[in-house]
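S.K.: How does the following fold in three dimensions:
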Amino acid sequence: MANKLPFILLFFLAFIGYSQDFGDEQKSIGDAINSKEDESVPVVSPDGNTLYFTRAHHPGNVGGKSDKGDIWMSKKGSNGQWELPKM
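M.R.: Sure, this is the predicted structure:
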(Lines give C-alpha, C1' and ligand atoms only; values in the text may rest on other atoms or scores of the structure.)
Protein backbone atom coordinates (compact mmCIF):
# COMPACT_ATOMS: atom_id res chain seq x y z
CA MET A 1 0.00 0.00 0.00
CA ALA A 2 2.87 2.38 0.81
CA ASN A 3 4.14 2.13 -2.77
CA LYS A 4 0.70 3.19 -4.09
CA LEU A 5 0.44 6.27 -1.87
CA PRO A 6 2.38 8.61 -4.20
CA PHE A 7 0.10 7.65 -7.11
CA ILE A 8 -3.03 8.20 -5.03
CA LEU A 9 -1.78 11.63 -3.92
CA LEU A 10 -0.88 12.55 -7.49
CA PHE A 11 -4.37 11.52 -8.63
CA PHE A 12 -6.06 13.83 -6.11
CA LEU A 13 -3.64 16.70 -6.71
CA ALA A 14 -4.37 16.54 -10.45
CA PHE A 15 -8.03 17.41 -9.82
CA ILE A 16 -7.61 20.23 -7.30
CA GLY A 17 -7.86 22.79 -10.12
CA TYR A 18 -11.23 21.37 -11.17
CA SER A 19 -12.94 22.11 -7.88
CA GLN A 20 -16.26 23.96 -7.91
CA ASP A 21 -15.07 26.27 -5.16
CA PHE A 22 -15.80 29.79 -6.36
CA GLY A 23 -14.44 31.41 -3.20
CA ASP A 24 -16.21 34.39 -1.71
CA GLU A 25 -17.16 35.89 -5.06
CA GLN A 26 -20.86 36.71 -5.26
CA LYS A 27 -22.75 37.71 -8.36
CA SER A 28 -25.93 39.74 -8.40
CA ILE A 29 -28.67 38.85 -10.84
CA GLY A 30 -30.57 42.05 -10.22
CA ASP A 31 -32.31 43.99 -7.51
CA ALA A 32 -35.56 42.08 -8.00
CA ILE A 33 -33.97 38.89 -6.68
CA ASN A 34 -31.11 39.88 -4.42
CA SER A 35 -32.09 41.08 -0.98
CA LYS A 36 -30.22 41.57 2.27
CA GLU A 37 -31.65 38.28 3.60
CA ASP A 38 -30.12 34.84 3.01
CA GLU A 39 -30.87 33.48 -0.46
CA SER A 40 -29.57 30.10 -1.54
CA VAL A 41 -30.05 26.99 -3.67
CA PRO A 42 -31.01 28.70 -6.95
CA VAL A 43 -32.55 26.38 -9.54
CA VAL A 44 -33.52 27.48 -13.05
CA SER A 45 -36.31 25.65 -14.85
CA PRO A 46 -35.37 23.65 -17.96
CA ASP A 47 -36.79 26.34 -20.25
CA GLY A 48 -34.72 29.02 -18.46
CA ASN A 49 -37.72 31.23 -17.69
CA THR A 50 -38.37 30.45 -14.01
CA LEU A 51 -35.97 30.75 -11.09
CA TYR A 52 -36.64 28.95 -7.80
CA PHE A 53 -34.60 29.70 -4.68
CA THR A 54 -34.77 29.60 -0.89
CA ARG A 55 -34.99 32.75 1.23
CA ALA A 56 -34.29 32.54 4.94
CA HIS A 57 -35.21 35.13 7.57
CA HIS A 58 -37.18 37.25 5.09
CA PRO A 59 -40.14 39.22 6.47
CA GLY A 60 -42.29 37.88 3.58
CA ASN A 61 -41.76 34.24 4.59
CA VAL A 62 -44.67 32.30 6.09
CA GLY A 63 -43.05 32.42 9.54
CA GLY A 64 -41.69 35.95 9.10
CA LYS A 65 -38.08 36.79 9.87
CA SER A 66 -37.75 33.79 12.18
CA ASP A 67 -38.56 31.41 9.28
CA LYS A 68 -35.47 29.44 8.28
CA GLY A 69 -36.45 29.25 4.63
CA ASP A 70 -39.29 29.32 2.15
CA ILE A 71 -39.17 28.63 -1.58
CA TRP A 72 -39.55 31.70 -3.76
CA MET A 73 -40.07 31.93 -7.52
CA SER A 74 -39.32 34.55 -10.14
CA LYS A 75 -40.27 34.62 -13.83
CA LYS A 76 -38.08 36.09 -16.53
CA GLY A 77 -39.84 39.05 -18.14
CA SER A 78 -39.97 39.88 -21.83
CA ASN A 79 -37.04 42.25 -21.29
CA GLY A 80 -34.88 39.34 -20.07
CA GLN A 81 -34.80 40.59 -16.47
CA TRP A 82 -36.08 38.62 -13.50
CA GLU A 83 -39.39 39.90 -12.09
CA LEU A 84 -40.07 40.45 -8.38
CA PRO A 85 -40.15 37.03 -6.72
CA LYS A 86 -43.28 35.50 -5.20
CA MET A 87 -43.79 32.73 -2.71
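S.K.: I'd guessed residue 69 sits against residue 55; true?
M.R.: Yes. In terms of C-beta atoms under 8 Å, residue 69 counts as a neighbour of residue 55; the distance is 6.7 Å. C-beta: built from backbone N, CA, C; applies to glycine.
S.K.: so what sits against both of the two?
M.R.: Common neighbours of residue 69 and residue 55, counting by C-beta atoms under 8 Å, 6 or more residues apart in numbering, are 38, 61.
S.K.: Between those two, tell me which one has more neighbours.
M.R.: Taking neighbours as other C-beta atoms under 10 Å, residue 69 and residue 55 compare with residue 55 leading, 22 against 18.
S.K.: Checking my notes, that one in a strand, right?
M.R.: Yes. Inclusion of residue 55 in a strand is indicated when DSSP: H, G, I helix; E, B strand; the rest coil is applied.
S.K.: So it sits against residue 68, correct?
M.R.: No. Because the distance of 10.1 Å does not satisfy C-beta under 8 Å, residue 55 is recorded as not touching residue 68.
S.K.: tell me how far the ends of stretch 72-83 are from each other?
M.R.: For stretch 72-83, the first and last residues are 12 Å from each other (C-alpha to C-alpha, to the nearest Å).
S.K.: Quick one: mean pLDDT for that stretch?
M.R.: pLDDT averaged over stretch 72-83 equals 92, rounded to a whole number.
S.K.: Enumerate the positions of it that are buried.
M.R.: Across stretch 72-83, burial judged by 16 or more other C-beta atoms under 10 Å covers 72, 74, 76, 82.
S.K.: my guess is the second one meets residue 55, correct?
M.R.: This points to residue 74. No. Checked against C-beta under 8 Å, the pair residue 74 and residue 55 is beyond contact range at 10.9 Å.
S.K.: joint contacts of these two?
M.R.: Looking at what touches both residue 74 and residue 55 (by C-beta under 8 Å, 6+ apart), the common residues are residue 85.
S.K.: and residue 29, what does it touch?
M.R.: With contact taken as C-beta under 8 Å, 6+ apart, residue 29 is in contact with 51, 82.
S.K.: So residue 42 sits against residue 55, correct?
M.R.: No. Taking C-beta under 8 Å as the definition, residue 42 is not a contact partner of residue 55, at 10.8 Å.
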